[in-house]
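Undergrad: no FASTA, just this:
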């Protein structure tokens, strides 16, 4: 990339890359301009609002079993929602309380998910780890496969899928495997 000399190793967590059938990010998603279907919906403004109910629904929706406690400990979902709301000092000024989340990442993801890459993995020249949860709906297996294919200049490339985990793997039962994979990759000899 443009600054490879400043990066020794790269970890890409749940990357959306080039899979063009993302219904939650690309065409057909809430981020599509309905009047110009190939365009991002800029009318949404600079940020979107995320409530506890919205976040709970997203997380629960990624867990493919009825017993959500098989993926996370009791109380984690509520604790995460409470802490997330604290990141926005205006969250309590709305009913229900909600945090402002920048839409820039959604615009970038929309472009990626509609076949307009904003970056190409062949420009990466450092060892790279691609890691995601098995049931992550942000980063599809096809994204990671295309990304691994395009990492042609990375001297080392490794792809890891954490079993029984979602996009919220950082807060789920297999989180220590996730952390160990990242730490092991970073500490390994170049």
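TA: Received it, and whenever you're ready, just let me know what you need. None of these values were measured; they are calculated from a predicted model.
Undergrad: Could you pull out the strands in this protein for me?
TA: With strands called from DSSP state E, the chain shows them at 10-13, 32-33, 36-40, 47-51, 98-102, 128-133, 157-162.
Undergrad: Highest mean neighbour count out of the ones you listed?
TA: Sort the strands of the chain by mean neighbour count, taking mean count of other C-beta atoms under 10 Å, and strand 128-133 sits at the top with a mean of 24. No exception for glycine: its C-beta is placed from N, CA and C like everyone else's.
Undergrad: Relative to that strand, what are the paired strands and their orientations?
TA: strand 10-13 (parallel), strand 157-162 (parallel) (DSSP bridges).
Undergrad: just to revisit the earlier point, closest one to residue 145 among the strands of the chain?
TA: Nearest of the strands of the chain to residue 145, taken as C-beta to C-beta: strand 157-162 at 8.2 Å.
Undergrad: neighbouring contacts of the closest one?
TA: Contacts with strand 157-162, where a contact means C-beta atoms under 8 Å, 6 or more residues apart in numbering, come from 127-134, 141, 144, 148, 151, 169, 174, 177-178, 181, 185.
Undergrad: what stretches of this structure score poorly on pLDDT?
TA: 1 (pLDDT under 70).
Undergrad: how does it look with 90?
TA: Applying pLDDT under 90 to the chain flags the ranges 1-5, 18-30, 37-38, 112-119, 189-190.
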